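below is the sequence, then the predicted model.
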Amino acid sequence: MDALTLSLPALVAIIAVALVFDFINGLHDAANSIATVVSTRVLPPKLAVAWAAFFNFIAFLFFGLHVAKTVGTGIVDPAIIDPTVILSALLGAILWNVFTWWLGLPSSSSHALIGGIAGAGISKAGFAALVGTGFLKTSIAIVLSPLTGFVLAVLMILASSWLLCRAAPFQVDRRFRQLQLVSAAFYSLGHGGNDAQKTMGIIAVLLFSQGLLGDSFYVPFWVILTSQIAMGLGTLMGGWRIVKTMGSKITDLRPYQGFCAETAGAITLFGATWLGIPVSTTHTITGAIVGVGSMRRTSAVRWGLAANIVWAWIFTIPAAGSIAWLCHTLLARL
C-alpha cells in the first residue's frame, strides 16, 4: 500500500476499521463507567449505560485534543506511518480486545492500541520507529494511573468516613445514591475524553499520511464527532461480561464506596487528559475499586482475581504489539 496513492474506498475502509475499534472500546470499557453504579443498584443496567453513553459522547466539549496528538505523533515516528501500519495496529488492538472481552477480563483498550501502533511501527522500521518520550510516558502511566486511582480512592474513603461518622447509615446511603449519579457522569466524561481521542489520533494521522491535512497535524471536527458517536454507541451496548467482573467480583460495593471510586477515577482521567497522556480507564477504575475495598478490610478484595487482571495488563501491550507486528508482516507482502 502506498501512503500517497491510497484509493478512496480503501481509505474509507481503514477509517471504518478505526471506528469499529472505537465501538469495541466503548463496549469493552462500558464496565469502567457503569460497574459501580450498577453494582450498588443506584441505576438499573440499561439506564446506566444510557447515562454513561451520553456523557461519553459530550466529552469532546470539555477537553482539548492533547491525547489525540500523542497517539497520532507521539508513539511512533509520523514519517513511517502509512495505511498498512494503521490497519495492522487496529487489527492487533481489536483482536486482543475481543479475546479479553470473551474471557471477561478488563484489559486496557488504550494500551492495546498503543501496543498495536508500536508493534506495527517496529515491523516496518525497527525499534528506531518508536518515539522514546511518548512511549515512555505512556508506559509509566500503566503503573501510575491505577496507583493514583487507588490512593485518591483511599483518601476519599478516609475523608468521607471522618465527615459522616455521626450520620445515620440510611442517610449516608441515600445521600451517596444521589451523589453517585454525579460521580458516574464525571467518570464517563473522563472516559470519553481520554479514550475516544485515541481513535481520533489514529484517523487523523492516517489522513495526515495521505496529505489530506496539509503540512500540519490536526484533528478535523468530523473525526472528533464520529469518534465520540462510535464510542457512545459501544458504551450503549454494554460489555456485560466485564461489568460483572468489575462491579461485584473484585469486591462488594456500597454507594459511598462507589462514589469514592468513581470520583477518584474521574480526577485521575481529567488530569491525564489535560496532560495529553493516553492512560487506561480500566487500570484507573480498577485501582480505585481495589482501594475502596481494601479500606473496608483486606479480605474484602478478591486478590486472586485482581492478580489475573494485573497479568492481563502486563501482557496487553506486548500481546497486541505482537499481533500487529504479525499483521503488518503479512500485509506488507501483499
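Alright, I've got the coordinates.

show residues contacting stretch 220-236.
With contact meaning C-beta atoms under 8 Å, 6 or more residues apart in numbering, stretch 220-236 is reached by 19-20, 22-30, 33, 49-50, 52-54, 56-60, 65, 188, 192, 195-197, 199-200, 203-204, 207, 213. (Each C-beta comes from the backbone N, C-alpha and C, glycine too.)

to the chain's geometric centre, what's the distance from that stretch?
Distance of stretch 220-236 from its chain centroid, counting by C-alpha atoms, centre = their mean, to the nearest Å, is 14 Å.

could I have it exported to CSV, CA atoms only?
Taking Å, rounded to 0.1, in the frame of the first residue of the first chain, the C-alpha atoms of stretch 220-236 are listed here in CSV:
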residue,chain,number,x,y,z
PRO,A,220,-10.8,17.6,11.8
PHE,A,221,-14.2,18.2,13.5
TRP,A,222,-15.9,15.3,11.6
VAL,A,223,-13.3,12.9,13.0
ILE,A,224,-14.0,14.2,16.6
LEU,A,225,-17.7,13.8,16.1
THR,A,226,-17.7,10.3,14.5
SER,A,227,-15.2,9.0,17.1
GLN,A,228,-17.4,10.2,20.0
ILE,A,229,-20.5,8.7,18.4
ALA,A,230,-18.8,5.3,17.9
MET,A,231,-17.6,5.2,21.5
GLY,A,232,-21.0,6.3,22.8
LEU,A,233,-22.8,3.6,20.8
GLY,A,234,-20.4,1.0,22.0
THR,A,235,-20.9,2.0,25.6
LEU,A,236,-24.7,1.9,25.0
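
what residues of it count as buried?
Residues of stretch 220-236 classed as buried by neighbour count (16 or more other C-beta atoms under 10 Å): 223-224, 226-236.

run a quick check on residue 60 versus residue 196, I expect a contact.
Yes - look at residue 60 against residue 196 with C-beta atoms under 8 Å: they come within range, at 7.2 Å.

before we move on, back to that, emit the ChimeraX select command for whichever of the contacts of stretch 220-236 are buried.
To isolate the buried members of these in ChimeraX, using 16+ other C-beta under 10 Å:
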select :19,22,23,24,25,26,27,28,29,30,33,49,52,53,54,56,57,59,60,65,188,192,195,196,197,199,200,203,204,207,213
